[in-house]
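In: what's the 3D shape of this:
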Amino acid sequence: MAFFAYSRPVADGVFGRTSVFSFGGVFARIATWNDQRVTRNALMKLSDRELNDIGLCRGDISALVETLR
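Out: Residues are numbered from 1 along each chain as shown. Next up, the predicted model:
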């Protein structure tokens, strides 16, 4: 006898995947935006020498911050 269990992830929200708007999704986007903003500001405050020490240059900051999604 075969047994199949399917559980739906909680992250779908109250109305499932068909809903375009969900409060959890909005909150997650705001949290991601804020994390990107804080990281970008912290890296921009570093000097060129400090950035070089961690293997970055000013041009890398935008690409690095976008990968935080």
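
In: report pLDDT for A5.
Out: In this model, A5 is scored at 52, pLDDT.

In: pLDDT weak spots in this structure?
Out: Scanning the chain for pLDDT under 70 picks out the ranges 1-21.

In: longest helix of it, counting residues only.
Out: helix 23-45 (DSSP state H).

In: what are the buried residues along that one?
Out: Q36, R40, L43 (16 or more other Cβ atoms under 10 Å). (Glycine included, C-beta is placed from N, CA and C.)

In: pretty sure the second one contacts A63?
Out: No - R40 lies out of contact with A63 (Cβ atoms under 8 Å); the separation is 11.2 Å.

In: nearest to R58, of the buried residues of helix 23-45?
Out: Nearest to R58 among the buried residues of helix 23-45: L43, at 8.6 Å, using Cβ to Cβ.

In: for that closest one, which residues are in contact?
Out: L51, L56, I61, L64, V65 (Cβ atoms under 8 Å, 6 or more residues apart in numbering).

In: for the first one, give its distance to L64.
Out: According to Cβ to Cβ, to the nearest Å, L51 and L64 sit 11 Å apart.
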